[in-house]
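K.L.:
Return atomic coordinates for the entry below.
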Amino acid sequence: MANLVTADVHKATTWSIVLSVLMIAAGGLAICIPVIAGVTVTAIVGWLLIFSGLLHFAFAWRAGRAGAVLWEILLGVVYGAIGFYMLASPLGGLASLTLAIALYLLLEGVLELSLSFQLRPAPGSGWLLLDGIITLVLAVMIWSTWPSSAVWVVGTLVGISMFFSGLTRLMLSMAVRRIVA
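P.N.:
Numbering: from 1, shown residues only. Below is the predicted model:
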């Protein structure tokens, strides 16, 4: 029985290691060619928005009140229009997505700074302060160079995320393999 479990874990971790290496490679590729990665992410987001718009239309049929029906239809139109815009104009969509990321980072940085001051006497609050400052600096860097930053921001951030997610998965898979073997 123990050999069967060990064999299953070995097989699962082998696949996990292979997928981790592929994720690391894909992340590295996205970092090397951020424009293509960014346009790809923009297309995926565009399709997701179109799908979401269609779901809002479907939910409109289920809404009970006229106001709810109208709201769902309006949301469906907005989501669909933004999705079609992102697909029809990938670079414009990429610029919009970059601006949205800058706004998100700005809001996140302000909230992290605020939280760090609220938690000031607690251990580790300095790390939250540092995270807030770095996030704000990144938001300002993206914002101040927008729209030219659209060429590299989305693809680079996605690439970095994929690279480190793959690296983390690889290390966890290897640790599981060492524990079981």
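
K.L.:
Please list all residues in contact with the most centrally placed residue in the chain.
P.N.:
The residue lying closest to the centre of the chain (C-alpha atoms, centre = their mean) is residue 158, at 6.7 Å. Applying C-beta atoms under 8 Å, 6 or more residues apart in numbering to residue 158 gives the contacts 27, 30, 37, 38, 41. Placement of C-beta: from N, CA and C, glycine included.

K.L.:
now, which of those residues sits nearest residue 127?
P.N.:
Nearest to residue 127 among those, counting by C-beta to C-beta, is residue 27 at 24.7 Å.

K.L.:
tell me the pLDDT at that closest one?
P.N.:
Per-residue confidence (pLDDT) for residue 27: 91.

K.L.:
ditto for residue 4
P.N.:
Looking at residue 4, its pLDDT is 69.

K.L.:
same deal with residue 37?
P.N.:
91.

K.L.:
same question, residue 119
P.N.:
If you check residue 119, the pLDDT there is 78.

K.L.:
now do the one 4 residues further on
P.N.:
In this prediction, residue 123 carries a pLDDT score of 75.

K.L.:
try residue 56
P.N.:
For residue 56, pLDDT reads 92.

K.L.:
does it really touch residue 75, like I thought?
P.N.:
Yes - using C-beta atoms under 8 Å, residue 56 is in contact with residue 75, at 4.5 Å.

K.L.:
Please list all residues in contact with the closest residue to residue 31 other than its chain neighbours.
P.N.:
Spatial nearest neighbour of residue 31, excluding adjacent residues (C-beta to C-beta, 6 or more residues apart in numbering): residue 159 at 3.7 Å. Residues in contact with residue 159 (C-beta under 8 Å, 6+ apart) are 26, 27, 28, 29, 30, 31, 32, 34, 37.

K.L.:
do the same with residue 30
P.N.:
Each residue near residue 30 by C-beta under 8 Å, 6+ apart is listed here: 37, 155, 156, 158, 159, 162.

K.L.:
In terms of helices and strands, where is the fifth one?
P.N.:
In the assignment (DSSP states H and E), residue 159 maps to helix 153-180.

K.L.:
Residue 47 now?
P.N.:
With DSSP H and E as criterion, residue 47 is part of helix 34-62.
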